[in-house]
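Colleague: Fold the following, please.
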Amino acid sequence: MLRFGLFLLWAFLGFCMLVLVTLPISLETQFITGMVVLIAMMILKLLGSEGNLRLIALAFGTAVVLRYAYWRTTSTLPPFNQLENFIPGFLLYLAEMYSVMMLALSLFVVSRPLPPRPSRRNANKRFPTVDVFIPTYNEDADLLANTMAAAKQMEYPADKLTVWLLDDGGTVQKRNSEKIIDANAAEQRFRDLQKLAADLDVRYLTRERNEHAKAGNMNNALDQSEGELIVIFDADHAPARDFLLETVSYFDDDPKLFLVQTPHFFLNPDPVERNLRTFEKMPSENEMFYGIIQRGLDKWDASFFCGSAAVLRRTALAETNGFSGVSITEDCETAVELHSRGWSSLYIDRPLIAGLQPATFASFIGQRSRWAQGMMQILRFRFPPLKRGLSLPQRLCYMSSTLFWLFPFPRAIFLVAPLCYLFFDLQIFTASGGEFMAYTLSYMLVNLMMQNYLYGAFRWPWISELYEYVQTVHLLPAVISVILNPRKPTFKVTAKDESIARSRLSEIAAPFFVIFFVLIIAVFVTIYRVYTEPFKADVTLVVGGWNLLNLIMAGCALGVVSERGEKAATRRVAVSRRCDFKLGDTWLQGTIENVSVNGARVNLIGAIPEGITIDDRAELRFKTHSDGNQGVLPVEIRNVERGGQNVVIGCRYHPEGAAHHKLVADLIFANSAQWTQFQLSRRGNPGLLRGTFWFLRLALYQTYRGLVYLGRAARDRGSDKSASMAESHL
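Modeller: Numbering: from 1, shown residues only. Sure thing, here's the model as predicted:
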């Protein structure tokens, strides 16, 4: 009875909102109403952005969005008989309605996400057998050694844990390749990884042929292993010691649980963060997904497998004959299929692994293209909205996750739309300047405020728009390609552990500069049209402002594609561990201040021996987390800083065997608390106003930096051409 009463109340309130949304009012009233709602949302946010106040504020914002959608649908479309205006106008309308739909799905998913689950470290009632799969294709042996060593040192009964290295780079097919160089390289890899795995007490496994990419590789391992639970780590995803203790016990609570997923935490910045220098002070892009969206999906039993840092139940995978391989995103596809069969999933919002993400912009786009194409394949072949067995909330959640990757279409339309008016005088949006201000401006501001409510501490204002813009240019043809030919895309391994020796423009930067200069021309066209057509100045200024906003975004993107030179592939993470450091025959006491995948910074007490130089060998001794014993790790001195009685030494690890790789893993990956601390140090909501001013300053500087890089590239190309011509004359 109570539930029925709540339904009637909800229906009545919904009806009242529809009446208000469709109520005819003047432009002045519409504008004032929009501003009042915006101010009310700001006040509510100051009072508290959680609980019922959050829902009330989002309800106010939803009313303004619906009001705009109603006005946009009934009053602004060009006449159908004017096809030159109607076609681009209707495409713009569809782009806006897509944005409204995605906002609605976001509200459903994350308006009130589940709070982070408490630690389950000591909740294990039993210890089921676990097989750890580390799929690899072309990754470096040292990278694999760190991951394998970290996996072997997880806290878990040794007789219940088996670690497998699944090598798709040393298959029989590759070792027998007709290309002798490739065959020799595969044979050498096969022997080296076999020995490395044996030294680390890891099972090495390869197969006859490279079929069905990563999914096929893992399915082959399923056939060879017997563990009750399967843990997946990407080759560059090294776990903390408590990974299994925090995840395994959930499977005893729910016999229909097929997945426990944990976040992907990255030691290095992505190209946007690296080139804009925001990695240490602003939450990473992936934190919005893993910090908010996955918790929202988890509320509706729709958190999905993300390919790594996850535990899965073998009996559930047996129902689907292993990992699904129809799409190139086998992780989400497998989750869709298992959810539809009545299995459930669970998400833990705590980083328990540390990995690497693409460092160059080209690799970043390659990775996102694979994700976008894979999600389009899932939409085409599995079609979650009508997938039998999924609950209605799960259908909506998977719609949100898959339809998101259509964003290149509306982003491209929003970029081109103002140019249609400024360059060709097309009337694709039939409204006056006053109507733009009353409806569109209030809608945009309220929309930004709603985004700030939903993702404030995890995503600063305008950053999502920047990420989508820099991806749109290259993802648009990739998405179109998979829509036209869904079976065409093939799985491509994302390059990891990259470094950029010197500053340069990305090899795929050219379209961004072309777009930027076209938008610059549009600014001058705006000025010209205001001067020559004063009777249309209100509309021209509004469209010109829209173009200016696009220009600011395009200018900031120039900094994204201007790759900063940076030799180190990963950033250092602050730690504090006592150690001893051996220089020559002298042991000095000190503290390890920070670490990375490749090296450490050590603060020593006392004077170092004379004659110590760069590239000298040394030894770093410290107590391990795994057994509490002292371990000695060979290192190479890279720099020395003298100050007062202390000496700070930067050193590079120089592992010479399996025991040393275990020490490297213990030093970097053992303590999961350090990843949580680092994430929390970056989180904070600057607010809509302050965040906007920050982004404007960032965009102006990055525009300047991008143009400087373009000038350098043109100068270098001119010098190379002159040298080539001089050489040809000789």
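Colleague: okay, CA-based contacts and neighbour counts for the rest of this
Modeller: Fine.
Colleague: Now name the helix or strand holding Glu641.
Modeller: Per DSSP states H and E: Glu641 is located in strand 630-643.
Colleague: Tell me the buried residues in that strand?
Modeller: Gly631, Val632, Leu633, Pro634, Val635, Glu636, Ile637, Arg638, Val640 (16 or more other CA atoms under 10 Å).
Colleague: what's next to it, contact-wise?
Modeller: For strand 630-643, contacts defined as CA atoms under 8 Å, 6 or more residues apart in numbering pick out 613-624, 647-656, 660, 663-664.
Colleague: Which of the residues you listed are buried? Put it as a PyMOL command.
Modeller: Paste this into PyMOL to select the buried members of those, with burial taken from 16+ other CA under 10 Å:
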select buried, resi 617+618+619+620+621+622+623+624+647+648+649+650+651+652+653+654+655+660+663+664
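Colleague: mind listing which of the contacts of strand 630-643 are in strands?
Modeller: 617-623, 647-653 (DSSP state E).
Colleague: In CSV: those, plus pLDDT and distance to Ala235.
Modeller: As requested, the ones in strands among the contacts of strand 630-643 are exported to CSV (pLDDT from 0 to 100; distance: CA to CA, whole Å):
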residue, pLDDT, distance to Ala235
Arg617, 90, 29
Ala618, 91, 29
Glu619, 92, 28
Leu620, 93, 26
Arg621, 93, 27
Phe622, 93, 26
Lys623, 91, 26
Val647, 86, 36
Val648, 90, 32
Ile649, 90, 30
Gly650, 90, 27
Cys651, 91, 24
Arg652, 91, 21
Tyr653, 92, 19
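Colleague: Restrict the strand holding Glu641 to CA atoms and write it as PDB.
Modeller: Only the C-alpha atoms of strand 630-643 are listed here, as PDB (Å, rounded to 0.1, in the frame of the first residue of the first chain):
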ATOM      1  CA  GLN A 630      65.800  -7.100   4.800                       C
ATOM      2  CA  GLY A 631      66.200  -7.100   1.000                       C
ATOM      3  CA  VAL A 632      69.100  -5.700  -1.000                       C
ATOM      4  CA  LEU A 633      68.300  -4.200  -4.400                       C
ATOM      5  CA  PRO A 634      71.100  -3.200  -6.800                       C
ATOM      6  CA  VAL A 635      70.700   0.300  -8.200                       C
ATOM      7  CA  GLU A 636      72.500   2.800 -10.400                       C
ATOM      8  CA  ILE A 637      73.100   6.400  -9.300                       C
ATOM      9  CA  ARG A 638      71.400   8.900 -11.600                       C
ATOM     10  CA  ASN A 639      71.900  12.200  -9.800                       C
ATOM     11  CA  VAL A 640      73.300  13.500  -6.500                       C
ATOM     12  CA  GLU A 641      72.100  16.600  -4.600                       C
ATOM     13  CA  ARG A 642      74.200  17.900  -1.700                       C
ATOM     14  CA  GLY A 643      72.700  20.100   1.000                       C
END
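Colleague: quick one: it to strand 617-623, angle?
Modeller: Interaxial angle of strand 630-643 relative to strand 617-623 (axes from the mean of the first three to the mean of the last three CA atoms, to 10 degrees): 120 degrees.
Colleague: partners of strand 630-643, with directions?
Modeller: With DSSP bridges as the test, strand 630-643 is paired with strand 617-623 (antiparallel), strand 646-653 (antiparallel).
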